[in-house]
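Trainee: coords please:
(one chain, ligands or ions: 2)
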Amino acid sequence: MSSGVWNRRGFLKKSVVGSLTYLVGANIVHAASLPKGVLPLGVSESQLEDILPGKHKDLIFLNNRPWNVETPPHLLDDKVTPADKMFVRNNGIPPETIDLKNWKLTIDGESAINSKSYSIDDLKNNFKHYSYQLTLECGGNGRAGYYPPASGNQWTEGAVSCGKWTGVRLKDVLKDVGVKEDAVYIGYYGKDTHISGAPDKKPISRGVPISKAMEDEALIAWAMNDEDIPAMNGYPLRLVIGGWPASTSGKWLERISIRNIVHDGPKMTGTSYRVPKNSVAPGEKVAEEDFKIIETMPVKSLITYPKTGAVLGLNKTLKLRGHAWAGDLEVSKVQVSTDFGATWKVCQLEKPVNRLAWQHWSAEVDFPKEGYYEVWAKATDSEGKSQPMVIPGWNPKGYLNNSCHRIAVKIEG
Ligand SMILES: Nc1nc2c(c(=O)[nH]1)N[C@H]1C(S)=C(S)[C@@H](COP(=O)(O)O)O[C@H]1N2
Ligand SMILES: [Mo]
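Mentor: Numbering: from 1, shown residues only. Ligands and ions are numbered 1, 2, ... in the order given. Presented below is the predicted three-dimensional model:
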């Protein structure tokens, strides 16, 4: 299995130059000088499928070094996110070759009583299997909405998915190894490599407190939607932690350390996946000690039907639909407005198929006259917290934007 498109020195691999040549319809004379993260203008976003194997051609391209592509909301309409519509957020270069037979997951760390390695067959044969649908949303989803802008991928709405994951419970494996009393955190390590090419440097190694790791839904998964995990989403093995920033769900999983301190791998410290403890003014500098690690994701919703920009006939009832999720909590209410929030209508809301899965909502709305409308959706969690209409508290890295999703609709007679 090969997915990396750049070689270690940062040059496009021959095979990729080949496909780009095909896509632009001409020899790219200076391909070797193409800067990192730059896709030739002659390649349209819709041609991405040819170079991002298995991904839908209409995913939105943000960066190709590393690969970051998001899903437009109308492509998230399925109740279970299909593999080709699952966003990709890579921090480094995915492993180029996967030796399935010899793939090992090692559990170690200061707070592990033993250190053990398991093949994927060992995991399959020695532990009970579980399947859960789990919402994975990047902590930076919605970053594009902040001003002053925050550096990083400018995600709009689509860095979220809810696939059905199958594997073993993380807690069953941790218990098999033995967890010492003083365990505080777990940290994952994947087989992807750092963008710089440095062999011993990991692009990302995050984790969760031991209490979150011990939840029933925390999985070490080998399947997504009853098939192999897609290459870009962590094949052949992945940690899956629903409801928390998706950065805690380690792809290409090779090792989990049981730590006696808060895990301190790359992107656990500094300002990564951290927000100010107290609210700050937009653009304000925040001292490092005033940040806290993001844990549960906030309540949020998407309108997945219709697609923004839809043109509809007068006197037709429109059946809207979408999903809503609330981190560790359940969503208790979804409302929609077609008059810029002056009035709200309560939607029908389904229960989650399991804890930490998104919930589906639908509503029928009528439009009284021809013209331009917006549909706004707002979810409320089981503790009574709602999504803000406007962009929530600014933070230096642009995390946790859970403002209401809006779409435009035109009614023509
Ligand atoms: N090994 C590894 N795991 C990783 C990442 C990564 O770059 N490498 N990215 C993380 C981040 S920041 C996110 S948002 C999710 C994205 O998951 P997806 O690409 O399967 O949608 O994977 C997380 N797990
Ligand atoms: Mo992320």
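
Trainee: Any buried residues in stretch 93-101, and which?
Mentor: 93, 94, 95, 96, 98 (16 or more other Cβ atoms under 10 Å). Quick note: C-beta positions are derived from backbone N, CA and C, even for glycine.

Trainee: Please compute how far it lies from its chain's middle.
Mentor: 21 Å (Cα atoms, centre = their mean, to the nearest Å).

Trainee: got the phi/psi numbers for the closest residue to residue 313 other than its chain neighbours?
Mentor: Among residues not flanking residue 313 along the chain, residue 412 sits closest, at 6.6 Å (Cβ to Cβ, 6 or more residues apart in numbering). Dihedral pair for residue 412: phi -120, psi 140, per degrees, to the nearest 10.

Trainee: cool, residue 84 as well?
Mentor: The phi/psi pair for residue 84 (degrees, to the nearest 10) is phi -70, psi -10.

Trainee: State the distance from residue 217 to ligand 2.
Mentor: Residue 217 sits 19 Å away from ligand 2, going by Cβ to the ion, to the nearest Å.

Trainee: Also residue 216?
Mentor: Counting by Cβ to the ion - residue 216 and ligand 2 are separated by 24 Å.

Trainee: so how far is residue 327 from that residue?
Mentor: Between residue 216 and residue 327 the computed distance is 16 Å (Cβ to Cβ, to the nearest Å).

Trainee: Name the residue in those two with the higher neighbour count.
Mentor: residue 327 (21 against 14; other Cβ atoms under 10 Å).

Trainee: can you pull the contacts of the closest residue to ligand 2 within the chain?
Mentor: Ligand 2 sits closest to residue 138 of the chain, with a gap of 3.4 Å, by Cβ to the ion. Residue 138 sits next to 87, 89, 155, 159, 160, 245, 246, 247 when contact means Cβ atoms under 8 Å, 6 or more residues apart in numbering.

Trainee: Do I have it right that the fourth one meets residue 144?
Mentor: No - taking Cβ atoms under 8 Å as the contact criterion, residue 159 and residue 144 are not neighbours in contact, 10.4 Å apart.

Trainee: quick revisit: just give me the neighbour total for the residue nearest to residue 313.
Mentor: Neighbours around residue 412, by other Cβ under 10 Å: 9.

Trainee: What of residue 156?
Mentor: Residue 156: 17 neighbours (other Cβ under 10 Å).

Trainee: buried stuff in stretch 207-218?
Mentor: 207, 208, 209, 210, 212, 213, 214, 215, 217, 218.

Trainee: and the residue nearest to the fourth one when sequence neighbours are not counted, backbone torsions?
Mentor: With Cβ to Cβ, 6+ apart as the criterion, residue 210 has its nearest non-adjacent residue at 4.8 Å, and that residue is residue 183. The phi and psi values for residue 183, taken as degrees, to the nearest 10, are phi -60, psi 140.

Trainee: mind listing what residue 183 touches?
Mentor: Contacts of residue 183 by Cβ under 8 Å, 6+ apart are 111, 210, 258, 259, 260.

Trainee: and ligand 2, which of those residues reach it?
Mentor: Contacts with ligand 2 within these, counted by Cβ under 5 Å from the ion: none were found.

Trainee: Show me those that map onto helices.
Mentor: Among the contacts of residue 183, the members found in helices (DSSP state H) are residue 210.

Trainee: what's the closest of the contacts of residue 183 to residue 281?
Mentor: Checking those against residue 281 with Cβ to Cβ, the nearest one is residue 259 at 34.9 Å.

Trainee: in the stretch 151-300 of the chain, which ranges drop under the pLDDT threshold?
Mentor: Scanning the stretch 151-300 of the chain for pLDDT under 70 picks out no residues.

Trainee: nope, the stretch 1-150 of the chain is what I was after
Mentor: 1-19, 22, 36-37, 44-51.

Trainee: how about the residues of it that lie near ligand 1?
Mentor: Within the stretch 1-150 of the chain, the residues that sit near ligand 1 (Cβ under 6 Å from any ligand atom) are 86, 87, 88, 89, 90, 91, 92, 136, 138.

Trainee: who wins for neighbours among those?
Mentor: For these, neighbours tallied by other Cβ under 10 Å; top is residue 136, 29 neighbours.
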